[in-house]
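Participant: Sharing a model prediction with you, sequence too.
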Amino acid sequence: MYRQRPPRFKGEAARRAGGDHGIRVVNKTDPLSILSIEPVNDTIRKKENRVSKMKKRRVLSCFLALLLVLLACSGACAELKKGQKGQYVRELQQKLIDLGLMSGRADGNFGNKTERAVKQLQNYWGITRSGKADDDFQTRLDDLWHLALGNGTESGADPADLENPVMTCAHNENAPYGFDYCYRHDEAKALRDLLHPASKRTVPDGLKKVILKRIIEYWLEAIRLNYDEWEESLPDDEQHIAEEQKELFEQGWAEKQAELVKKHKGADKPKTLQAEADWLEELGIEHCFDLHGAEPNLD
């Protein structure tokens, strides 16, 4: 009896033939074998279509997520200027408010107040007073914001990583501010530098108050830490000495604050804050020398 052989299909043609005739090629090496084909029902087709759609959605989702990240990165560094609105303007305004250069709240609207604040900082840095917050301005602002507010800054590098590190703070009439700052208190030196910018320009009053408050906060933390280190270095039966001295310091600080507030007629005035910062820094330098003055310098 004559039996017609099925047509010979290879590769893509075999796949199309199988799809058109409701069959699937299982054995790709022998597409003509009767055992190499099996019927394809609707359930399998639907499952394959569903999987394919899911893969396409995942690829599209990843692409959109990457696009949003790229847009966010480019937007954060874009130039901000008068008339613009949005989240990046709001973030800029909040930093200017934190630094005492603007009052009110951050509304996300780059108006006259924001422009004046930007120009104040540009004048402080000795750069062109364009009133626009370009990439360079925003980088400078971030650095200033972190240092002046103590946000994410760490004082005290590893002396082993420094070339000729200063091991202890000490009085030095020839130093810029009358002191040598050790590696532990390099942040105090950086804060002082903010009050004496390289541009030789006047520090805006609001910014000056913020910096002075940070200096006061910094040295209070440092002095209290010095007392704690002193206490830990003493034998158990002598640790009460450091505790008593720490209590005397807290009492003396409270009295000094009251005296300076009365003298300068206000607690939040630049002269009061300056006097408080100077008094604490003097004491902090002496404490550092007393605790670490005998440490050898690293070669």
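Facilitator: Yep, that arrived.

Participant: What segments of this structure are strands?
Facilitator: 23-25, 37-39, 170-171, 179-180 (DSSP state E).

Participant: got a list of what residue 207 touches?
Facilitator: 99, 100, 101, 120, 121, 124, 148 (CB atoms under 8 Å, 6 or more residues apart in numbering). For every residue, glycine as well, the C-beta is placed using N, CA and C.

Participant: Take these and lay them out in JSON lines including neighbour count, distance to residue 260 and pLDDT.
Facilitator: Supplementary listing: these in JSON lines, determined by neighbours: other CB atoms under 10 Å; distance: CB to CB, whole Å; pLDDT from 0 to 100:
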{"residue": "99", "neighbour count": "22", "distance to residue 260": "24", "pLDDT": "97"}
{"residue": "100", "neighbour count": "18", "distance to residue 260": "20", "pLDDT": "97"}
{"residue": "101", "neighbour count": "24", "distance to residue 260": "25", "pLDDT": "97"}
{"residue": "120", "neighbour count": "20", "distance to residue 260": "27", "pLDDT": "96"}
{"residue": "121", "neighbour count": "21", "distance to residue 260": "29", "pLDDT": "96"}
{"residue": "124", "neighbour count": "20", "distance to residue 260": "26", "pLDDT": "96"}
{"residue": "148", "neighbour count": "23", "distance to residue 260": "22", "pLDDT": "96"}
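
Participant: Tell me which two in those are the farthest apart.
Facilitator: 120 and 148 (14.1 Å; CB to CB).

Participant: what's the closest of the contacts of residue 207 to residue 204?
Facilitator: residue 120 (5.1 Å).

Participant: what's the spacing between the closest one and residue 144?
Facilitator: 12 Å (CB to CB, to the nearest Å).

Participant: With residue 276 instead?
Facilitator: Between residue 276 and residue 144 the distance is 22 Å, computed by CB to CB.

Participant: Looking at the two, which one has more neighbours?
Facilitator: Neighbours per residue, other CB atoms under 10 Å: of residue 276 and residue 144, the larger number sits with residue 276, 23 against 19.

Participant: And the more buried one, what's its pLDDT?
Facilitator: If you check residue 276, the pLDDT there is 97.

Participant: Does it touch residue 263 like I think?
Facilitator: No. Using CB atoms under 8 Å, residue 276 is not in contact with residue 263, being 10.9 Å away.

Participant: how many neighbours does residue 251 have?
Facilitator: Counted with other CB under 10 Å, the burial measure for residue 251 works out to 10 neighbours.

Participant: Walk me through the domains of this structure.
Facilitator: By the assignment in automatic domain parsing, the chain contains the domains 11-76, 80-148, 154-299.

Participant: and the ones you listed, which is most packed in?
Facilitator: Counting by mean count of other CB atoms under 10 Å, domain 80-148 has the highest mean neighbour count of the domains of the chain, with a mean of 17.

Participant: I'd like the distance between residue 124 and residue 108.
Facilitator: In this view, residue 124 and residue 108 are 24 Å apart by CB to CB.

Participant: before we move on, what about residue 175?
Facilitator: Residue 175 sits 45 Å away from residue 108 when distances are taken as CB to CB.

Participant: Same check on residue 127?
Facilitator: With distances taken as CB to CB, residue 127 is found 25 Å from residue 108.

Participant: where in the stretch 101-250 of the chain is pLDDT low?
Facilitator: In the predicted model, the stretch 101-250 of the chain carries pLDDT under 70 at residues 152-162.

Participant: Which residues are in contact with the nearest residue to residue 213 once chain neighbours are set aside?
Facilitator: The shortest distance from residue 213 to any residue that is not its chain neighbour, by CB to CB, 6 or more residues apart in numbering, is 6.3 Å, and that residue is residue 273. Under the criterion of CB under 8 Å, 6+ apart, the neighbours of residue 273 are 209, 212, 213, 216.
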